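Undergrad: next comes the sequence, and after it the predicted model I'd like to discuss.
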Amino acid sequence: MDKVTGKLTVFFDDPFWVGVFESTDGKTLKVAKVTFGSELKDGEIYDFLLKSYNRLQFSQPIADGKKTEKTN
């Protein structure tokens, strides 16, 4: 079974705060972008995760470019 990981990067793209969600499941990567607004607080990010994460529209899966080491 593959491990699913998620990552959120938040940055300021004048005049708005933008979040980029990444989801990887071992071999593929999916991405979703969210524009939060001009004023952003930590609590708003947490609230978004609790209430709206399941409604994100992720991109089509693409091959993850990370190389994995093979064990002998």
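TA: Everything's here; your move.

Undergrad: name the element the residue minimising distance to the centre of the chain belongs to?
TA: Centroid-nearest residue in the chain: Phe21, 1.3 Å away (criterion: CA atoms, centre = their mean). Applying DSSP states H and E as the criterion places Phe21 in strand 16-24.

Undergrad: parallel or antiparallel, list what pairs with that strand.
TA: Partner strands for strand 16-24, per DSSP bridges, with pairing direction: strand 5-13 (antiparallel), strand 28-37 (antiparallel).

Undergrad: buried stuff in the first one?
TA: Taking 16 or more other CB atoms under 10 Å as the neighbour-count basis, strand 5-13 is seen to contain no buried residue. In this view, the C-beta of every residue, glycine as well, is placed from N, C-alpha and C.

Undergrad: surely Val18 touches Lys33?
TA: Yes. Val18 is within contact range of Lys33, at 6.6 Å (criterion: CB atoms under 8 Å).

Undergrad: so for those two, which residue has more residues nearby?
TA: Set side by side, Val18 and Lys33 show more neighbours around Val18, with 15 against 12, by other CB atoms under 10 Å.

Undergrad: contacts only, for that one.
TA: Residues in contact with Val18 (CB atoms under 8 Å, 6 or more residues apart in numbering) are Val10, Phe11, Phe12, Lys33, Val34, Thr35, Phe36.
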